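Novice: Sequence and predicted structure, then a few things I'm wondering about:
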Amino acid sequence: MTELAFTKTFLSTLDSRPVKLRADHVFDPERVGLRVPYTLPRLQAPHPVMPKKSKATQAPGSSKSITVNVKSARNPALEFPIVNAPVSTTTLQDLKDSVCERVVDLQGNAVALDKIKILYRRKPVPGTGKTLAEVLADEPELLVGGKQVEFGVMIMGGAKTVDAAVSPPKDADSRDESSPKPAIGPSGAEVLQTEVFWDDLQGFLEQRLKDEPEAKRLRTLFKDVWTSGR
């Protein structure tokens with residue numbers, strides 16, 4: 001048989017078979033062997049059980065606790081420490097709550113938390129959910145533990161301590177016998193001559209204006225006007 005005859009015979013055989021398989025076509029595995037060896041996929045190794053971390057209680061003065069000195073220079077004069085305050089969980093809200101427990105407003109009622117402003121380095125710290133670790137993030141030496149840090153307090157509208165509010169009034173006889181005591185500390189124009197007053201004024205302006213450069217400008221303007229008018 002010549003090559004030409006063989007080719008024609010082969011092509012005619014191919015023509016007799018279907019070009020496409022039907023949609024419901026299936027192979028009989030008994031008649032058609034597997035063309036490639038079939039292997040099951042490898043099973044992933046189970047993840048090892050992580051050991052449970054033991055939550056050890058931190059002793060007082062541990063590496064994550066510091067002493068917070070809360071201080072208000074005036075209106076009212078207040079100062080108290082918060083010992084062994086965890087830097088990761090103690091928030092500005094906790095400091096405000098501690099202040100609120102110790103002061104009342106001028107009418108003897110509880111001071112609203114939004115009127116209590118927390119200051120750090122004489123600058124108001126915004127928000128209430130910030131932790132001490134977030135406020136002191138730029139000072140890692142304070143986060144190693146056993147340190148002390150001071151936070152200022154400014155109460156809008158003024159207040160007085162609880163001890164002064166609940167102190168029993170003196171009777172008429174004792175008031176007549178006792179002579180009035182002079183005020184302690186500077187007052188009047190003497191207060192305006194201190195830098196503490198102008199720092200407090202700048203802090204108040206920063207809190208209200210939320211603009212530090214503008215607060216500094218107004219502080220300088222007010223101080224120059226007062227100085228020129230003396």
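Specialist: Received, thanks.
Novice: drop to CA atoms for contacts and neighbour counts, all remaining ones
Specialist: OK.
Novice: residue ranges with poor pLDDT in this structure?
Specialist: 1, 18-21, 29, 32-38, 49, 51-63, 164-188 (pLDDT under 70).
Novice: show me where it has strands.
Specialist: For the chain, strands defined by DSSP state E occupy the ranges 65-72, 78-86, 103-104, 116-120, 123-124, 148-155, 160-161.
Novice: just the ones you listed: most buried one?
Specialist: Most buried of the strands of the chain, by mean neighbour count (mean count of other Cα atoms under 10 Å): strand 103-104, with a mean of 22.
Novice: what sits up against that strand?
Specialist: Residues outside strand 103-104 that contact it (Cα atoms under 8 Å, 6 or more residues apart in numbering): 110, 111, 159, 160, 161, 162, 165.
Novice: what are the bridge partners for the fifth one, then?
Specialist: Partner residues in beta bridges with residue 161: residue 103, with DSSP bridges as the criterion.
Novice: buried sites along stretch 126-137?
Specialist: 128, 130, 131, 132, 133 (16 or more other Cα atoms under 10 Å).
Novice: what sits up against it?
Specialist: So stretch 126-137 is contacted by 87, 88, 89, 90, 91, 92, 93, 142, 143 (Cα under 8 Å, 6+ apart).
Novice: how does it look with 10 Å?
Specialist: For stretch 126-137, the surrounding residues in contact (Cα atoms under 10 Å, 6 or more residues apart in numbering) are 64, 66, 68, 85-96, 113-114, 117-120, 125, 139-140, 142-143, 149, 207, 210.
Novice: Repeat that for stretch 209-221.
Specialist: Stretch 209-221 is contacted from outside by 123-124, 126, 198-208, 222-224, 226-227, using Cα under 10 Å, 6+ apart.
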